[in-house]
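Undergrad: Provide a 3D model corresponding to the input given below.
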Amino acid sequence: MGIQIRRQRRRLGLTLDDLSRRSEISKPYLSLIETGRINNPPSDEKLRRLELALGFKTGELLAQAHFLRTPKDVRAMLVMLANSSEKSGEKSEKDSKESSEKKSSGNGSHGRSPGAKNPETSRLDAINLDQAYLTGMLQQLVDQRAGNVEMMGTNVLPVVNRVSAGYPKDFTDLSYPKGAADSYISCPEVSDPDAFAARVHGDSMTPKYREGDIVIFSPKATLRSGDDAFIRFEDGQTTFKRVFFESDDANQPVIRLQPRNEKYRAQLIPNHKISGLYRAVYRYQAVEEN
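TA: Here you go, the predicted model:
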């Protein structure tokens, strides 16, 4: 995708600065896209801007991005199915051609024109891999061939940059649409469509969580006193703490945000100061090497 974007930019005689102004995407990030140094495709919103700025067909870059975001195992299955369908179509075409030639030589009748494909056996030749995955057609095809293998879900969750594990910091999701991000992670066991992930920053939640860990949060999950949670404040700031539901001296409801690291003190926050609480349900952690 990066090469394609760079080629089109140069074809139009645009510099990175020109494209940055047209698309409202920073020049350093555009450079990362073009050189393939980003782990995941840009957000849908950024791709729409690039399509418009560079004159691509509507949805051309989006279709590529959706396929690239598909988990590798699913992509491999899609390619295998597409290749299998293509071979099946080629065989059908060959058989049809031979049959047509025999009929033609036998009774003078004209069969299917050379190169024509049997619509029944070649209907998947031009399979759109992204569309097959999104519409569920892939799942049907896989189920037919899966035997006694249990298929796991492949839902993909957005990683919303960093959530501070120290004191609250500004949330840096760049006002992305719901569910959109610059990187994604798959978690088969989470069925919440609003679930998201965040990378821990800071040490206030050690020893249970380390800096760099990716934690998955589920708005759908029931939050209990003492759970670890992603907290969003009314001013847009966020943090990651254990939460306890308590009352202050005036018997007003408050939430105690308790770090796991003992060197940090707890905070008492009035309920109305918090706009969102989302329980941590899974953690991805790098394996330490000795």
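Undergrad: Can you report phi and psi for the closest residue to Pro253 other than its chain neighbours?
TA: Spatial nearest neighbour of Pro253, excluding adjacent residues (CB to CB, 6 or more residues apart in numbering): Asn271 at 4.8 Å. Where you see a C-beta, it was placed from the backbone N, CA and C, and this is true even at glycine. In terms of degrees, to the nearest 10, the main-chain angles of Asn271 are phi -50, psi -40.
Undergrad: what about Glu211, which SS state?
TA: coil (DSSP: H, G, I helix; E, B strand; the rest coil).
Undergrad: if we can go back for a sec, identify the residues contacting the residue nearest to Pro253.
TA: Neighbour list for Asn271: Pro253, Val254, Ile255 [criterion: CB atoms under 8 Å, 6 or more residues apart in numbering].
Undergrad: Out of the residues you listed, flag the one nearest to Leu47.
TA: Ile255 (38.6 Å; CB to CB).
Undergrad: what about the closest one, neighbour count?
TA: Other residues within reach of Ile255, judged by other CB atoms under 10 Å, total 21.
Undergrad: Check it and give its pLDDT.
TA: Per-residue pLDDT puts Ile255 at 95.
Undergrad: and it, that one's in a helix?
TA: No - counting by three-state DSSP, Ile255 is not part of a helix but strand.
Undergrad: wait, doesn't it sit right on Ile274?
TA: Yes - using CB atoms under 8 Å, Ile255 is in contact with Ile274, at 6.1 Å.
Undergrad: Name the residues contacting each of the two.
TA: Joint contacts of Ile255 and Ile274 (CB under 8 Å, 6+ apart) are Ile231.
Undergrad: returning to what we had before: closest to Thr239 out of the contacts of Asn271?
TA: Ile255 (11.5 Å).
Undergrad: Give the closest residue to that closest one in space, chain neighbours not counted.
TA: Closest to Ile255 by CB to CB, 6+ apart is Ile269, at 5.1 Å.
Undergrad: Surely the one you found and Pro253 touch.
TA: No - the pair Ile269 / Pro253 is not scored as a contact, 10.3 Å apart, by CB under 8 Å.
Undergrad: of those two, who's got more company?
TA: Ile269 (19 against 11).
Undergrad: Now do the contacts for the more buried one.
TA: Phe233, Val254, Ile255, Arg256, Leu257.
Undergrad: Sketch out the low-pLDDT regions of the stretch 151-290 of the chain for me.
TA: Low-confidence segments of the stretch 151-290 of the chain, defined by pLDDT under 70, are located at 151-156, 158, 160-183, 188, 289-290.
Undergrad: hmm, 80 instead?
TA: 151-189, 236, 287-290 (pLDDT under 80).
Undergrad: Can you show me the strands along it?
TA: 156-164, 184-186, 196-201, 214-218, 228-233, 238-247, 253-258, 267-270, 274-284 (DSSP state E, counting those that start in this stretch).
Undergrad: Now tabulate those strands in JSON lines and tack on distance to Ile38.
TA: Shown next, in JSON lines, are the strands of the stretch 151-290 of the chain (distance: least, CB to CB, whole Å):
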{"stretch": "strand 156-164", "distance to Ile38": "13"}
{"stretch": "strand 184-186", "distance to Ile38": "12"}
{"stretch": "strand 196-201", "distance to Ile38": "15"}
{"stretch": "strand 214-218", "distance to Ile38": "17"}
{"stretch": "strand 228-233", "distance to Ile38": "24"}
{"stretch": "strand 238-247", "distance to Ile38": "23"}
{"stretch": "strand 253-258", "distance to Ile38": "33"}
{"stretch": "strand 267-270", "distance to Ile38": "36"}
{"stretch": "strand 274-284", "distance to Ile38": "19"}
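Undergrad: Cool, thanks, talk later.
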